[in-house]
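**Student:** okay, sequence plus prediction incoming.
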Amino acid sequence: MDTELLIPLALGVLLIVTLTQIVKIVPQRSAFVIERLGKYTKTLEAGLHILLPFIDRVAYKHSLKELASDVPEQACITKDNITVTIDGVLYLQIINPKDASYGIENLRYAATQLAQTTLRSVIGKTDLDKTFEERESINTKVVEALDQAAANWGVKVLRYEIADIKLPPSISDAMEKQMRAERERRAVVAKSEGDREAMINVSEGQKQETINLSKAEQERQINVATGRAEEITLVATATAKGIEAVAAAIEKAGGKEAVSLRIAEQYVAEFGKLAKESTTLILPAELANIGSAVAAFSKILENGKTK
């Protein structure tokens, strides 16, 4: 009875083991390297695959995703003989599972060691100042050298990133002092530029104020001159109208006699003023004949009208 139960159980176990040997499911973004009797035969990509039991076997399993490997910190000597400690991160991707399986024993270890060696070589050709300023260039040089060296490993070096650069304490203190002095210099320059801008703004404001006052004075003078011109025009117009009125009155009956009388009155009034203002009075010879003077003035008026 026990033997009858053991035989089906053994057959079941054998069947399960056989199925696990025959049926292989490869996950997405993965690759299995298959050996047949100890020799490479093929590479399985993602999906379901059937193998020969007990003859084919999965020798290597690789992820085709991007791999990140820490590169331990190491001491590097710059071109100007300054020792710095640098660590970084290396990003790889397997593009040929067969070469990655048989081209190198320990892929990540080998890539890390090669990254450290290449970094020391690149830093040795770079000055300390350039080490901080040209990180991107250093990363690119490391990637190019690694990619060329790892071509037979079935690996693509995607990028290398410097994580940290540590300086000796003495160099770090000197750089800190230099940066502090530079910041202070920039602060002084910024303050002087601000003062200069303020002075320029004040002078521009004063200049604009002077221009505005000048324009206002100019406009005032123009307004005054315009007012005087209008005043002169009005006076001249009024005088002309008065003369025209006098001339028209002379043409009327008795006009000439009225004008003669008016002239004589003004003549006598003016001499009266002279007599009051001065104790000595010189009389013209024609004063004895005021009528002749009036007649002469009347003649002048007639001649002016005729012209």
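**Tutor:** Happy to help now that I have it. Numbering: from 1, shown residues only.

**Student:** strands of this protein, start to end?
**Tutor:** Using DSSP state E, the strands of the chain run over 23-26, 30-36, 39-44, 47-50, 56-63, 67-77, 83-94, 155-166.

**Student:** compute the inter-axis angle for the longest helix seen in the chain and strand 83-94.
**Tutor:** Longest helix in the chain, counting residues (DSSP state H): helix 169-251. Per axes from the mean of the first three to the mean of the last three C-alpha atoms, to 10 degrees, the angle that helix 169-251 makes with strand 83-94 is 90 degrees.

**Student:** picking that back up, possible to save the strands of the chain as TSV with distance to Thr210?
**Tutor:** Where C-beta positions appear, they are placed from N, C-alpha and C, glycine not excepted. Below are the strands of the chain laid out as TSV (distance: least, C-beta to C-beta, whole Å):
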stretch	distance to Thr210
strand 23-26	88
strand 30-36	84
strand 39-44	89
strand 47-50	89
strand 56-63	80
strand 67-77	66
strand 83-94	62
strand 155-166	59
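
**Student:** for these, give me JSON lines that also has mean pLDDT and distance to Leu213.
**Tutor:** Listed next are the strands of the chain as JSON lines, based on pLDDT from 0 to 100; distance: least, C-beta to C-beta, whole Å:
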{"stretch": "strand 23-26", "mean pLDDT": "87", "distance to Leu213": "91"}
{"stretch": "strand 30-36", "mean pLDDT": "94", "distance to Leu213": "87"}
{"stretch": "strand 39-44", "mean pLDDT": "93", "distance to Leu213": "92"}
{"stretch": "strand 47-50", "mean pLDDT": "90", "distance to Leu213": "91"}
{"stretch": "strand 56-63", "mean pLDDT": "91", "distance to Leu213": "83"}
{"stretch": "strand 67-77", "mean pLDDT": "91", "distance to Leu213": "71"}
{"stretch": "strand 83-94", "mean pLDDT": "92", "distance to Leu213": "67"}
{"stretch": "strand 155-166", "mean pLDDT": "90", "distance to Leu213": "64"}
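
**Student:** with distance to Ala216 and mean neighbour count added, can I get those strands in CSV?
**Tutor:** Converted to CSV, the strands of the chain look like this (distance: least, C-beta to C-beta, whole Å; neighbours: other C-beta atoms under 10 Å):
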stretch, distance to Ala216, mean neighbour count
strand 23-26, 92, 14
strand 30-36, 88, 18
strand 39-44, 93, 14
strand 47-50, 92, 11
strand 56-63, 85, 16
strand 67-77, 74, 15
strand 83-94, 70, 18
strand 155-166, 67, 17
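
**Student:** so this structure: which segments form each domain?
**Tutor:** As assigned by automatic domain parsing, the chain contains the domains 2-63, 67-167, 172-235, 252-306.

**Student:** just send those domains back as CSV, with distance to Glu244 too.
**Tutor:** Converted to CSV, the domains of the chain look like this (distance: least, C-beta to C-beta, whole Å):
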stretch, distance to Glu244
domain 2-63, 116
domain 67-167, 97
domain 172-235, 15
domain 252-306, 11
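
**Student:** who are the packing partners of the longest helix of the chain?
**Tutor:** Applying 3 or more C-beta pairs under 8 Å, 6 or more residues apart in numbering; DSSP states H and E, we find helix 169-251 packed against helix 255-277, helix 290-306.

**Student:** where among those is average confidence lowest?
**Tutor:** Of all the helices and strands packed on helix 169-251, the minimum mean pLDDT falls on helix 290-306 (a mean of 52).

**Student:** picking up where we left off before, state the mean pLDDT of the longest helix of the chain.
**Tutor:** Averaging pLDDT along helix 169-251 gives 79.

**Student:** roughly how far is it from the heart of the chain?
**Tutor:** 32 Å (C-alpha atoms, centre = their mean, to the nearest Å).
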